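J.: Quick one: sequence plus predicted model below, questions after.
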Amino acid sequence: MAGRWYPGSAPALTAEIDAHLAGVSTQGERNPRALIAPHAGLMYSGPVAAHAYTLIERCHYDAVVLVGPSHFVGFEGVSIWPDGAWGTPFGDVPIANGLAAAIASETHVVSSDAAPHAREHSLEMQLPFLARLLPGVPIVPLVMGHQTRDTADALGDAIGRAVTAFTANTGQEVLLVASSDLSHFLDAVTAARMDRTVLECVEAFDPDALMVALERQPHHACGGGPIVSVLRAARQLGAMRARVLHYGDSGDVSGDKSSVVGYMAAAAW
C-alpha cells in the first residue's frame, strides 16, 4: 500500500505521521499493554489512529504482536508470518522470530501460510506509526481468518501464555496491537449507533461481551475477532482496564456523512 494508502517515501510519510500525532492533545498515561487502531488509508484513519499511537511516543518496547483480519482470503484459524522482515519507507521491520515461534507453538489455530498476507492491508497500515515511533522494534504479524469464538479465544490465550513466558525469560516488553475498522458504508448517525456496542464492550474491558455482540452482528467490526484476542491476552498479561480514546468516521475527512467507515482508537493498561 506504500504510495497508495500512505506516502511511499520516508520524508513524506514522516511529515504525515507527525502531523497526525501533533493533532492529538495529551492523553495522559502512556506505556499501554495493548492498542486498538483502525487500518484504512492513512489520510482517513490516521487522525484517529494517532490517538492510540501517541501513547507509545518515547516509550520502550522490545517487540510488537500485531493481530488483524483477513479481508481477501477466507480460512480457518490464524496465519503467522514467522521470520524475515517487512519493508516500509522507513526501512525493513524485522520479524520477532522467537516470539513468533512461541505463539505458534501454543495453539493449533496458528499456522504459517503466506497467502492471507499477500494482499492484506490490516497489519501493513499499522507499520507507518510503529516504524516511526518504535524504529527497529520487531513484529509478530498474525492475520485471522474466520473470526469464530474458538479462534479468537485460542489466539488470545496463546498470545497471553507466550508473551508471559517471553517476558519472564528475557525481561523484554511486548506491545499488543489489534487492527480493526468498525461499521462500513452506513450513514454517520446509523454507524455511530451501531459502533457504540463495540465502544462500550472495549471501555468495559469485556472481550467476552464483545464476542457475544459480534456473534449477533458480525458487521460491528471487520477486526472484531482480533480485538477480542488482544483484549483477552492483555488481561492475562496483567492489564486491568481499557479506555476508548477517540471515535470518528471517514466522513470527518471526506465530508461525506452519507456512507462512512467507523474508526476507533483504544488502549489497555
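T.: Done, it's in. On a predicted model such as this, the values are computed, not experimentally measured, just so you know.
J.: For the rest of this, base every contact and every neighbour count on C-alpha atoms.
T.: OK.
J.: And the helices in the stretch 51-200 of the chain?
T.: 97-105, 127-133, 149-170, 188-203 (DSSP state H, counting those that start in this stretch).
J.: Would you mind giving those helices as CSV with mean neighbour count added?
T.: Supplementary listing: the helices of the stretch 51-200 of the chain in CSV, determined by neighbours: other CA atoms under 10 Å:
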stretch, mean neighbour count
helix 97-105, 19
helix 127-133, 20
helix 149-170, 20
helix 188-203, 19
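J.: a markdown table for those, including distance to T26 and mean pLDDT?
T.: A markdown table is the format used below for the helices of the stretch 51-200 of the chain (distance: least, CA to CA, whole Å; pLDDT from 0 to 100):
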| stretch | distance to T26 | mean pLDDT |
| --- | --- | --- |
| helix 97-105 | 32 | 98 |
| helix 127-133 | 16 | 97 |
| helix 149-170 | 29 | 97 |
| helix 188-203 | 19 | 96 |
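J.: Kindly state the beta-bridge partners for I80.
T.: For I80, the beta-bridge partners are S112, L142 (DSSP bridges).
J.: hmm, back to that, of all the helices of the stretch 51-200 of the chain, which lies closest to G248?
T.: Of all these, helix 188-203 sits nearest to G248, with 8.5 Å by CA to CA.
J.: Is the residue lying closest to D157 once chain neighbours are set aside within a helix or a strand, and which one?
T.: Spatially, and ignoring its direct neighbours in sequence, D157 is nearest to A233 (5.9 Å; CA to CA, 6 or more residues apart in numbering). Using DSSP states H and E, A233 sits within helix 224-236.
J.: I'd like the helices of the stretch 51-200 of the chain as a markdown table, with distance to M1 appended.
T.: What follows is those, written out as a markdown table (distance: least, CA to CA, whole Å):
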| stretch | distance to M1 |
| --- | --- |
| helix 97-105 | 24 |
| helix 127-133 | 11 |
| helix 149-170 | 27 |
| helix 188-203 | 26 |
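J.: Of the ones you listed, which is nearest G77?
T.: helix 149-170 (5.8 Å).
J.: Remind me what the closest one packs against, helices and strands.
T.: helix 97-105, helix 224-236 (3 or more CA pairs under 8 Å, 6 or more residues apart in numbering; DSSP states H and E).
J.: how about the CA coordinates for it, as CSV?
T.: Provided in CSV are the C-alpha atoms of helix 149-170 (Å, rounded to 0.1, in the frame of the first residue of the first chain):
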residue,chain,number,x,y,z
ARG,A,149,-15.2,-17.6,19.2
ASP,A,150,-12.9,-20.6,19.3
THR,A,151,-10.3,-19.0,17.1
ALA,A,152,-10.3,-15.6,18.9
ASP,A,153,-10.2,-17.2,22.4
ALA,A,154,-7.5,-19.7,21.4
LEU,A,155,-5.3,-17.0,19.9
GLY,A,156,-5.7,-14.6,22.8
ASP,A,157,-4.8,-17.4,25.3
ALA,A,158,-1.8,-18.4,23.2
ILE,A,159,-0.5,-14.8,23.0
GLY,A,160,-1.0,-14.5,26.7
ARG,A,161,1.0,-17.6,27.5
ALA,A,162,3.7,-17.0,25.0
VAL,A,163,4.3,-13.3,26.0
THR,A,164,4.2,-14.2,29.7
ALA,A,165,7.0,-16.7,29.2
PHE,A,166,8.9,-14.5,26.8
THR,A,167,8.9,-11.6,29.3
ALA,A,168,9.8,-13.8,32.2
ASN,A,169,12.8,-15.3,30.2
THR,A,170,14.1,-12.2,28.6
